[in-house]
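Chemist: Make a model of this:
(chains A, B and C)
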Amino acid sequence: MKWTKKDLLGLEELSREEIELILETAFSFKEVSSRDVKKVPTLRGKTIVNLFFEPSTRTRTSFELAAKRLSADILDFSISDSSVSKGESPVDTAENIEAMKVDCFVVRHSVAGVPKLIAKKIKAAVINAGDNSHEHPTQALLDLFTIREKKGKIKGLRIAIIGDIQHSRVARSNIWGLTKLGASVILCGPPTLIPSRIGKMGAEITYSFKEAIKDADILYFLRVQRERQQEIFFPSIQEYAHLYGANSENLKGVKKNVLIMHPGPINRGVEIKSEIADSSSSLILEQVTNGIAVRMAVLYLLIGKKD
Amino acid sequence: MKWTKKDLLGLEELSREEIELILETAFSFKEVSSRDVKKVPTLRGKTIVNLFFEPSTRTRTSFELAAKRLSADILDFSISDSSVSKGESPVDTAENIEAMKVDCFVVRHSVAGVPKLIAKKIKAAVINAGDNSHEHPTQALLDLFTIREKKGKIKGLRIAIIGDIQHSRVARSNIWGLTKLGASVILCGPPTLIPSRIGKMGAEITYSFKEAIKDADILYFLRVQRERQQEIFFPSIQEYAHLYGANSENLKGVKKNVLIMHPGPINRGVEIKSEIADSSSSLILEQVTNGIAVRMAVLYLLIGKKD
Amino acid sequence: MKWTKKDLLGLEELSREEIELILETAFSFKEVSSRDVKKVPTLRGKTIVNLFFEPSTRTRTSFELAAKRLSADILDFSISDSSVSKGESPVDTAENIEAMKVDCFVVRHSVAGVPKLIAKKIKAAVINAGDNSHEHPTQALLDLFTIREKKGKIKGLRIAIIGDIQHSRVARSNIWGLTKLGASVILCGPPTLIPSRIGKMGAEITYSFKEAIKDADILYFLRVQRERQQEIFFPSIQEYAHLYGANSENLKGVKKNVLIMHPGPINRGVEIKSEIADSSSSLILEQVTNGIAVRMAVLYLLIGKKD
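Modeler: Numbering: from 1, shown residues only, chains lettered A, B, ... in the order given. Now for the predicted structure:
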């Protein structure tokens, strides 16, 4: 199996084999970050641009570190001081930066499909780092990596994804990835936050927390994005936490060895209480650690030397 | 011919030989950015500071990439979070940063002459990256480089610069550079946007678009800086585009093989229509590409090893 | 003497021997910044994060340069675009970044004690880069380094610290450092800006400028932080400058060879006039220069190879 795609735009378009190639490559890169000298010369002299039209420190930082540990040069092109405010389109911006001889763009944009639009117009590799509620492939890949690392496999597992499914690119990318690797996925949240058409992606749907967690091997809690939510999807944060939050009371009756995941940053006391977030079942910080390895793998596969 | 100046403040003060030395040096650096490993150790261990008192992503990014491809360390000192808000003068700011043992400053400031003021007070090299409507030497140098690369020469060519001449440092630096290298320059725009005294710099002036483009080998369209323009210099964007914009209708009657240039970012449909910007006559993206080579050359000449 | 502490949180907790070890290590690093190639491979492959919850260009830039000259990778995590605005606690933020395998955090926060709080929860080294009016250890260390370099010793010297003592972490860290190394310290300023309990730290207090400067070897002027001062601590800037500012008139009667220091950035005409700031007695720019050496030393001692 060799990598042949120019871009990484979403897990929808990847085959099971391609996903597994990324996970295996990430496995071999994970060790680099635990070395005393956390750096390999793999991408020396390559130029990567973080092209973020939406603010994000976490994902941007993870890509920056991944790039630096591969010895690539990475530029930060953030929206606030960019030409975007001068009325330039994202594609024009990308084409202009590409003219400086850039090898890879990491693109985040508030409109679904913009990374793909850019990818079509430029020769450099494009990684979708989140496009509205569409996809966030490297997040799902690091989740898959973490699950496989902890459970030894993905096939046959049952994963409950709980929260605001409707607005979640993390949920969508995970549904694609998990089902392609043979897991079963059950989505759970308030009815207002689960679009009915999402069932077509191959996941079950339930509005009952109890039912969602019953046989699950992994509980994946989504972030309540209070800062984005302009409409009202549920009566109150308190009620949400009570009905769908991760806390000891709610988690009575889960499977033994159930593992807890969250894409971060967490709202303590909202979708997850500290007693769960900081427990030994929580994989939250390991997800962050694995994000570096997965992003190193993706950068390497997209722009590393092919021989 | 050897480089002897400490700073690059404008093309007004450069001799023809100095300009040609920069262009020749840029020629030899251009190849670096098309390598698989886009990096040479030329400026390893040198410290360059982007000291931008005005926001600019494009120029700043171009200098950052140029520095990184020469293996220099580059620091970004942007105004928003700087000591400037604490009432420090630009010269004090520069002297303080210089005390950290910096080799070169790339300075942009909204007041003409500030880069020169800084250059006089510090020992490090200073590159003017734009000081109001005064000069933007590396932009003109990359334009000269691009023209010579495409036309094989500059001497004897006729270049029409079209748009807001009055507020354009790009126009001024290009007039100095082009005339020193033996080209003839004709300036064109609404009468309100062409100061009469600019004729003294050695360029013709016309208010007629037809006349400007008639015998021109290069049409250089300036950006309409809508975000800066507080006074009203022309009735409407539509009328401007109609009278002075680059579009197929207006460009009837140009010389065969005419080339189109623009300093970017372009306002599609304002000073240039997509049919022209994206045509094979357009050098816009090549200008961006050559910006890296020219800035590498300038950095090398100013702070590289002299032997 | 070997360095054994995980963190550098303040000079209060350091022994005289530890302070001297840092100063000696800084001495050996100072030479690096005057080389043609200002870079040593000492911290290659280490990851340092500037975690600034308060804006600061000067200190952040100094750490960035120190890190780069040691060949470390340094990431900037500034507050404006961080997850902090999403309601995450500083400790959560640090733990998350640490999960990316970070070796050292440089932390500035507007609340005293936050760097210590973070240091307790994470394994990576933490350097306090200023926590409200509590401590700013690397500033005091670079001051000690500069005094010893210029005076040949610290023991037995008399240092007057003049200005807003109450809100000054620089004053506090310097009092700890200077007294531990055997200097005597006299604090001077308007009564409203000198908390009486500060006398317990081992410094004299006076409200008389004349008395403060009489036998002092060093006059250390603090910055008037006009932008922070919401309450009114003195009648007017003019009166402050007249009573406590560094100017030729006020400095009549100082010891011969007295030296002038200031943590920067200076308010010309407020706490210091240009005739003093730019005089040969002023060590202001040398303090900045020595900041790099001291920060290189601290980074090296905290995360360099121990053998």
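
Chemist: Return the residues in contact with the residue in chain A that chain B sits nearest to.
Modeler: Using Cβ to the nearest Cβ, A:Gly45 is the residue of chain A that sits closest to chain B, at 3.2 Å. Just so you know, the C-beta spots here come from the backbone N, C-alpha and C atoms, and that holds for glycine as well. If you count contacts by Cβ atoms under 8 Å, 6 or more residues apart in numbering or on different chains, A:Gly45 has them with A:Ala72, A:Asp73, B:Arg35, B:Asp36, B:Val37, B:Lys38, B:Lys39.

Chemist: host element of it?
Modeler: In this structure, A:Gly45 sits in neither a helix nor a strand according to DSSP states H and E.

Chemist: The stretch 151-300 of chain A against chain C: which residues are in contact?
Modeler: For the stretch 151-300 of chain A, the residues in contact with chain C (Cβ under 8 Å from any Cβ of the partner chain) are A:226-227, A:264-268, A:285-286, A:288-289, A:291-292.

Chemist: tell me the mean pLDDT for stretch A:38-50?
Modeler: Confidence over stretch A:38-50 (mean pLDDT, whole number) is 97.

Chemist: mind listing what's buried in that stretch?
Modeler: A:Lys38, A:Lys39, A:Val40, A:Thr42, A:Leu43, A:Gly45, A:Lys46, A:Thr47, A:Ile48, A:Val49, A:Asn50 (16 or more other Cβ atoms under 10 Å in any protein chain shown).

Chemist: Which segments of chain A make up each domain?
Modeler: Chain A breaks down into these domains under automatic domain parsing: A:16-135+A:288-303, A:137-285.

Chemist: A:Lys214: neighbouring residues, count only.
Modeler: 15 (other Cβ atoms under 10 Å in any protein chain shown).

Chemist: correct me, but it touches A:Lys252?
Modeler: No. With contacts counted by Cβ atoms under 8 Å, A:Lys214 stays clear of A:Lys252, the gap being 11.3 Å.

Chemist: Once you drop chain neighbours, what's closest to the residue of chain A closest to chain B?
Modeler: Leaving aside its chain neighbours, A:Gly45 sits nearest to B:Val37 (3.2 Å; criterion: Cβ to Cβ, 6 or more residues apart in numbering or on different chains).

Chemist: tell me the contacts of the one you found?
Modeler: Per Cβ under 8 Å, 6+ apart, neighbours of B:Val37: A:Arg44, A:Gly45, A:Lys46.

Chemist: what would the residues of the stretch 151-300 of chain A next to chain C look like in a markdown table with distance to A:Ile218 and neighbour count?
Modeler: Rendered in a markdown table, the data for those read as follows (distance: Cβ to Cβ, whole Å; neighbours: other Cβ atoms under 10 Å in any protein chain shown):
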| residue | distance to A:Ile218 | neighbour count |
| --- | --- | --- |
| A:Arg226 | 25 | 11 |
| A:Glu227 | 27 | 9 |
| A:Gly264 | 16 | 21 |
| A:Pro265 | 20 | 21 |
| A:Ile266 | 16 | 27 |
| A:Asn267 | 20 | 20 |
| A:Arg268 | 20 | 17 |
| A:Leu285 | 16 | 16 |
| A:Glu286 | 13 | 17 |
| A:Val288 | 17 | 24 |
| A:Thr289 | 17 | 21 |
| A:Gly291 | 17 | 29 |
| A:Ile292 | 21 | 25 |
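
Chemist: can you tell me how far A:Leu144 sits from chain C?
Modeler: 18 Å (Cβ to the nearest Cβ, to the nearest Å).

Chemist: For the nearest residue to that residue once chain neighbours are set aside, which three-state class applies?
Modeler: Leaving aside its sequence neighbours, A:Leu144 sits nearest to A:Gly177 (Cβ to Cβ, 6+ apart; 5.1 Å). What DSSP: H, G, I helix; E, B strand; the rest coil gives for A:Gly177 is helix.
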